[in-house]
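# attaching a predicted model along with its sequence, questions to come.
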Amino acid sequence: MAHAPVRLMRRVALLAILPLSAAQALGAAAPTVESYRLAANRHEVGGVDVRAFTERRAVGGPDLPLPGAAIVLVPFSDSFVTELERIKGQSRESLRTYRAAALELRRREEAYERALWEAGAADLVLSGLVGPDGRASFGEMAAGPWLLWARHQVWNPVAAKRPKRQEKELFALAPRLVGFWAVRYWMIPVTVRAGAVAAVELTDRDVWFSGVIEETMRQDTAP
């Protein structure tokens, strides 16, 4: 490959937060992975080369890398893709469903990863971060259909007036919005072929879904 591979990360800490039944509770089911095992045993492996960037805004200007974007590659599943498309479709129904969609998509993706772990296929969950040059590389992948899932998020703080002491004494105040993550997701099917490297570009013009994940803080009712 043209540049050094990104260190693959197994998101043990994140996935360990979920109880053992979390994947099943969210309806996530691991795909059949025998074909990936067979390909690996036959040394039919390839790779994926990712470039993530914001397209140039002026003629002759540079593309801007998207460092820190999280990349996950998992075995392809029609049912998983259908579920993600369903959530995306529901996000258009109301402001409430739109505000909930980005977090729900992340939870579904984590549940699918957990289902693979529980099925003994943790080695088929590959993840890494885009480097400062806007690139990430994955190698030694079993030939076959994979799904690339990428996320890039930017924190946006929200300034809000603190409640007055009298309000705390008289009312049970709702959690206060302290900020939100502006999240962009990419979802791209990728076919890995033996002895080849598949090139994938993620740009700001081909985002699969854009949403928000809100962060709130409990407002203590004590004076």
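That came through fine.

# mind listing the helices for the chain?
12-16, 22-25, 34-41, 78-90, 95-118, 165-170 (DSSP state H).

# quick one: buried residues of the fourth one?
Right, helix 78-90. The neighbour-count check on helix 78-90 (16 or more other C-beta atoms under 10 Å) flags 80, 83-84, 87-88 as buried. Heads up, the C-betas are built off the backbone N, CA and C, glycines and all.

# from the contact counts, what lies against that helix?
helix 95-118, strand 176-192 (3 or more C-beta pairs under 8 Å, 6 or more residues apart in numbering; DSSP states H and E).

# need the winner for burial among those.
Greatest average neighbour count among the helices and strands packed on helix 78-90 goes to helix 95-118 (a mean of 20), per mean count of other C-beta atoms under 10 Å.

# what about that helix, average pLDDT?
Helix 95-118 shows a mean pLDDT of 95 in the predicted model.

# how about it as PDB, C-alpha atoms only?
C-alpha atoms of helix 95-118 as PDB (Å, rounded to 0.1, in the frame of the first residue of the first chain):
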ATOM      1  CA  LEU A  95     -38.200  16.600  14.300                       C
ATOM      2  CA  ARG A  96     -38.300  14.100  17.200                       C
ATOM      3  CA  THR A  97     -37.300  11.100  15.000                       C
ATOM      4  CA  TYR A  98     -34.600  13.200  13.300                       C
ATOM      5  CA  ARG A  99     -33.000  14.200  16.600                       C
ATOM      6  CA  ALA A 100     -33.000  10.600  17.700                       C
ATOM      7  CA  ALA A 101     -31.700   9.000  14.500                       C
ATOM      8  CA  ALA A 102     -27.900   9.700  14.800                       C
ATOM      9  CA  LEU A 103     -27.700   8.100  18.200                       C
ATOM     10  CA  GLU A 104     -29.900   5.200  17.200                       C
ATOM     11  CA  LEU A 105     -27.700   4.500  14.100                       C
ATOM     12  CA  ARG A 106     -24.700   4.400  16.300                       C
ATOM     13  CA  ARG A 107     -26.300   2.000  18.800                       C
ATOM     14  CA  ARG A 108     -27.400  -0.300  15.900                       C
ATOM     15  CA  GLU A 109     -23.900  -0.400  14.500                       C
ATOM     16  CA  GLU A 110     -22.400  -1.100  18.000                       C
ATOM     17  CA  ALA A 111     -25.000  -3.900  18.500                       C
ATOM     18  CA  TYR A 112     -24.100  -5.500  15.100                       C
ATOM     19  CA  GLU A 113     -20.400  -5.400  16.100                       C
ATOM     20  CA  ARG A 114     -21.300  -7.100  19.400                       C
ATOM     21  CA  ALA A 115     -23.300  -9.700  17.600                       C
ATOM     22  CA  LEU A 116     -20.200 -10.600  15.600                       C
ATOM     23  CA  TRP A 117     -18.200 -10.800  18.800                       C
ATOM     24  CA  GLU A 118     -20.700 -13.100  20.400                       C
END
